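Trainee: take a look and give me a structure for this.
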Amino acid sequence: MLLSVKINVRTTILSQLLLDGIYVSDTKVMIDSFNKYFCSICENLQAKFNPYDNKAFTTYLSSPVKDSMFCTPVTNDEIFQIIHKFKNNKSPGHDNIGPRLVKAVADEIVDPLCYLFNLSFLTGVVPNTLKIAKVIPIYKKGDKSSIENYRPISLLSVFDKILEKLMYGRLYYYLRGNNILYDYQFGFHHHHSSC
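Mentor: Predicted structure coming up:
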């Protein structure tokens with residue numbers, strides 16, 4: 001078993017990785033090391049920030065909204081629209097089911113998907129299989145054997161992407177309808193650049 005990594009747009013085989021000053025070629029050790037490194041990035045960043053230096057959220061949020069968010073039921077037509085907007089060349093997630101296949105069988109699977117997504121919204125439970133991602137190490141620059149020179153890309157299931165888009169639409173409608181978004185919120189905000 002070899003470890004494949006993406007370098008630019010092509011996939012290459014990583015034969016060894018420098019870990020604690022020693023070159024390691026055992027694929028399982030390399031995979032586990034990437035996993036441990038990628039999982040520790042967030043904790044390491046968080047440790048650098050003093051939570052007491054941050055302003056309280058009440059300084060930039062308006063008063064609480066008295067209305068609750070309600071997830072309107074999902075419709076087959078809504079799922080069809082999302083499926084047909086997917087680009088065929090996108091990589092599949094851990095289940096190896098890509099957008100091209102989902103488009104080809106959309107007529108047959110839209111009813112069960114609609115039932116499952118509505119059940120998820122009703123119960124507030126996301127199926128565990130939709131929480132699994134295939135993580136690909138992407139080379140940035142520098143020494144290719146150094147783990148710090150890679151960044152993770154998570155490839156999610158097409159079905160997870162459909163559920164996310166369904167929830168995004170409902171959440172965004174609620175936030176806009178109740179004027180909750182902060183005026184200077186740019187990320188994930190239509191017609192606002194985060195750059």
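
Trainee: helices or strands next to the longest helix anywhere in the chain in the packing?
Mentor: When the chain is parsed with DSSP state H, its longest helix is helix 27-48. Under the contact criterion of 3 or more Cβ pairs under 8 Å, 6 or more residues apart in numbering; DSSP states H and E, helix 27-48 touches strand 3-7, strand 17-19, strand 133-139, strand 150-156. C-betas here are computed from N, CA, C, even on glycine.

Trainee: ranking these by mean pLDDT, which is last?
Mentor: Sorting those by mean pLDDT places strand 3-7 lowest, at a mean of 56.

Trainee: for the longest helix of the chain, buried residues please.
Mentor: Thr27, Met30, Ile31, Ser33, Phe34, Tyr37, Phe38 (16 or more other Cβ atoms under 10 Å).

Trainee: what's the closest of the residues you listed to Gly21?
Mentor: Among the buried residues of helix 27-48, Ser33 lies closest to Gly21 (Cβ to Cβ), at 13.2 Å.

Trainee: could you find the closest non-adjacent residue to that closest one?
Mentor: Leu19 (5.6 Å; Cβ to Cβ, 6 or more residues apart in numbering).

Trainee: poorly predicted segments of the chain, please.
Mentor: Applying pLDDT under 70 to the chain flags the ranges 1-12, 50-54, 57, 60-62, 184-195.

Trainee: closest one to Asp107 among the helices and strands packed on helix 27-48?
Mentor: Short answer: strand 150-156, nearest of the helices and strands packed on helix 27-48 by Cβ to Cβ, at 23.3 Å.

Trainee: tell me the helices and strands packed up against that closest one.
Mentor: Using 3+ Cβ pairs under 8 Å, 6+ apart: strand 150-156 touches helix 27-48, strand 133-139.
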